[in-house]
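>>> got a predicted model here, sequence first, then my questions.
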Amino acid sequence: MISSRFVLKRLLLLVPVLVGVASLVFSILHLSPGDPALTIAGERASEEFVKQVEESLGLNDPIWVQYGRFIADAAQFQFGESFIIQRNTTVREVLVNKLPVTLELAIYGQLIGVFLGIPLGILSAVKQDSITDHLTRIGALAGISVPIFWSGPLLILLFAQVLGVLPTSGRISVLYNVEAIRVTGLVTVDTLIAGEWDMFVSAVRHMILPASVIGVYSMALISRMMRSSMLEVIRQDYIRTARAKGQGAKITVLKHGFRNAMIPVITVIGIQFGGLLGGAVLTETVFAIGGIGTLLVEAIKVGDYPIVQGTVLTFAFLFTLVNLGVDITYSILDPRIEQ
Amino acid sequence: MTAAPDHPADERPPLSERLGVRLRLVGTALFAGVVVTAVSVVAATMLSDPTASVETAFALGSLVFGFGLLGWSGAVALGRGIESMQETLDTQTGWTEPDARRAMARIIGFGLGVMLGAMVVGSVVLGLV
């Protein structure tokens, strides 16, 4: 049973983390070169118009007033309107549209990583130094070593161009209007909720390649971690005792070993999820999926500060939430951690 | 991973004493930040635009403050785990959670001091309000 005090303490820690990230974002944007008012007004705009833009954005106020306003707005998740990328649209609306795209990709990538990585890691540990172990380790090393910008195009070439079994880009076939059935923004979920089976199949087919690309990378790390953790656990005295008392090897490993070996693996899964959110930029670019990662890169390039601020803080918030989940999972797996 | 107290409950110093230690820790760094910023901003205004100097000083202060806050939260959240990991791996580096918290509190104080110094110099001396 998780104590509410433990969860409350972890939730309270989110506050300094988010204020810290907000301060870093504010300072980096103010220290970086470029004038947002000039970017909005355009290079040829008159000085008077640029001043008007500055006035309307509050850039004429002293910097501490801007900082205070930014922190107060960030606490309410208000980042104003996008300057350039989607003019007259609030950052919140932009994020609501784009975030599910990246989240869906990261979730499926992580699921592939977890559901393949954990069994492979256990298998590799239980059959240490066998052919299975060597093959799994080679696969894991290859998965870690191959960059996404190389494996992505190769998979497209094989499955889309040569075999012609999977689509090359996008989230769903252009024949379907997914916006009409939007509920969560996750196409695979929305199509299921709407009961549109053909659309669901199309969404899944579009998700297979990008999710596999990031999933393989995640799987490689998880299986390596699971192997070393499991090897350490199965050498413990309590495992030997369980075996000496006549318990079967499978039950001993899965019932007594698995739970304890999972603790460091959970850490890796938590960190990986944050990495997947940030690393989805490459996958989104290769597979032409317009998610939050691509949006952030574009916003930095054109100097759309509200989008940059909103996106970075959203990433930080999601990352800290995932780590909160990791901490809670720790305390479920090993209640001593709460003490 | 709830942090265990530094002292057993009956040996802990009174609240006022503990508060005093913490205030001194952050306060001295804050004072240093204010002084360093005041001197550097006044010196910088002689060479460049006063508004730009104040804005850069404030932004640098918020950078330090943000870094300190993240470091402090990291030490509180993961400190005990890192200590245990060092013990398990037998790689004692002398890093401890209370030391990390204190160091980060000083950085937070210094960052706040820089921000405060920039604010005071900007509004009182240069009249940038």
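That came in fine, so what should we check first?
>>> and for residue A:47, the neighbour number?
Using other CB atoms under 10 Å in any protein chain shown, the number of residues around residue A:47 comes to 8. Where C-beta positions appear, they are placed from N, C-alpha and C, glycine not excepted.
>>> mind checking how far it is from chain B?
Relative to chain B, residue A:47 is positioned 17 Å away (CB to the nearest CB, to the nearest Å).
>>> state the phi and psi torsions of that residue.
In terms of degrees, to the nearest 10, the main-chain angles of residue A:47 are phi -60, psi -40.
>>> ok, the residue nearest to residue A:314 when sequence neighbours are not counted - contacts?
Spatial nearest neighbour of residue A:314, chain neighbours left out: residue A:95 (5.8 Å); criterion: CB to CB, 6 or more residues apart in numbering or on different chains. Residues in contact with residue A:95 (CB atoms under 8 Å, 6 or more residues apart in numbering or on different chains) are A:292, A:310-311, A:314.
>>> what residues does chain A have near chain B?
A:5-6, A:9-10, A:13, A:16-17, A:19-24, A:26-28, A:30-31, A:62-64, A:67, A:323, A:327, A:330, A:337-339 (CB under 8 Å from any CB of the partner chain).
>>> quick one: residues in contact with the lowest-mean-pLDDT helix or strand in chain A.
Here the helix or strand of chain A ranked lowest by mean pLDDT, DSSP states H and E is helix A:36-41, holding a mean of 77. For helix A:36-41, the surrounding residues in contact (CB under 8 Å, 6+ apart) are A:45, A:49-51, A:53-54, A:57, A:59, A:83-84, A:302-303, A:305.
>>> and if you look at stretch A:77-87?
A:36, A:39-40, A:73, A:88-92, A:94, A:295, A:298-299, A:302-307, A:309-310, A:313.
>>> for chain B, what lies in contact range of chain A?
B:1-2, B:54-56, B:58-63, B:65-70, B:72-73, B:76-77, B:115, B:118-119, B:122-123, B:128-129.
>>> from those, which land in helices?
B:54-56, B:58-63, B:65-70, B:72-73, B:76-77, B:115, B:118-119 (DSSP state H).
>>> give me the most central residue, chain B.
Centroid-nearest residue in chain B, with CA atoms, centre = their mean: residue B:108, separated by 2.0 Å.
>>> just the pLDDT for the closest residue to that one other than its chain neighbours.
Among residues not flanking residue B:108 along the chain, residue B:68 sits closest, at 3.7 Å (CB to CB, 6+ apart). We have a pLDDT of 95 for residue B:68.
>>> what number of residues lie near residue B:68?
By other CB under 10 Å, neighbour count at residue B:68 equals 25.
>>> and residue A:177, by the same measure?
Neighbours of residue A:177 under the rule other CB under 10 Å: 10.
>>> need phi/psi at it.
phi -100, psi 100.
>>> distance check, residue B:97 against residue A:194.
As judged by CB to CB, to the nearest Å, residue B:97 and residue A:194 stand 51 Å apart.
>>> is the residue nearest to residue B:119 when sequence neighbours are not counted in a helix, a strand, or coil?
Using CB to CB, 6+ apart and skipping the chain neighbours, the partner closest in space to residue B:119 is residue A:64 (4.9 Å). At residue A:64 the chain is in helix, as set by DSSP: H, G, I helix; E, B strand; the rest coil.
>>> ok, now how distant is residue A:64 from residue A:70?
Counting by CB to CB - residue A:64 and residue A:70 are separated by 10 Å.
>>> before we move on, what about residue A:310?
11 Å.
>>> looking at the two, which one has more neighbours?
More crowded of residue A:310 and residue A:70, by other CB under 10 Å: residue A:310, with 28 against 23.
>>> contacting residues around that one?
Residue A:310 touches A:77, A:79, A:91-92, A:94-95, counting by CB under 8 Å, 6+ apart.
>>> ok, then the element right after the host helix or strand of residue A:102?
Residue A:102 belongs to helix A:91-126 when assigned by DSSP states H and E. Proceeding C-terminally, helix A:91-126 gives way to helix A:131-145 as the next helix or strand, assigned by DSSP H and E.
>>> quick one: that following helix to helix A:91-126, angle?
150 degrees (axes from the mean of the first three to the mean of the last three CA atoms, to 10 degrees).
>>> from residue A:105, how far off is the most centrally placed residue in chain A?
For chain A, the residue sitting closest to the mean C-alpha position, by CA atoms, centre = their mean, is residue A:277 at 2.4 Å. Residue A:277 is 9 Å from residue A:105, where distance means CB to CB.
>>> same check on residue A:239?
38 Å.
>>> which one's more surrounded, these two?
Taking neighbours as other CB under 10 Å, residue A:239 and residue A:105 compare with residue A:105 leading, 29 against 18.
>>> if I look at the residue nearest to that one when sequence neighbours are not counted, how far off is residue B:102?
Nearest non-adjacent residue to residue A:105, counting by CB to CB, 6+ apart: residue A:280, 5.3 Å away. Distance from residue A:280 to residue B:102, counting by CB to CB: 38 Å.
>>> same check on residue A:37?
For residue A:37 relative to residue B:102 (CB to CB), the value is 42 Å.
>>> check residue A:23 too.
For residue A:23, the distance to residue B:102 - CB to CB - is 20 Å.
>>> name the residue in these two with the higher neighbour count.
residue A:23 (27 against 17).
>>> quick check: pLDDT value at the more buried one.
Looking at residue A:23, its pLDDT stands at 93.
>>> same question, the one 4 residues further on
On the pLDDT scale, residue A:27 is placed at 92.
>>> next: the one 4 residues further on.
Residue A:31 is assigned a predicted lDDT (pLDDT) of 86.
>>> please apply the same query to residue A:206.
At residue A:206, the pLDDT value in this model is 91.
>>> and for it, the neighbour number?
Neighbours of residue A:206 using other CB under 10 Å come to 22.
>>> same question, residue A:178
When neighbours are counted by other CB under 10 Å, residue A:178 comes out with 18.
>>> which stretches of the stretch 51-200 of chain A have low pLDDT?
For the stretch 51-200 of chain A, applying pLDDT under 70 flags no range at all.
>>> distance check, the closest residue in space to residue B:70 that isn't next to it in sequence against residue B:107.
Leaving aside its sequence neighbours, residue B:70 sits nearest to residue A:20 (CB to CB, 6+ apart; 4.0 Å). Counting by CB to CB, the separation of residue A:20 from residue B:107 is 11 Å.
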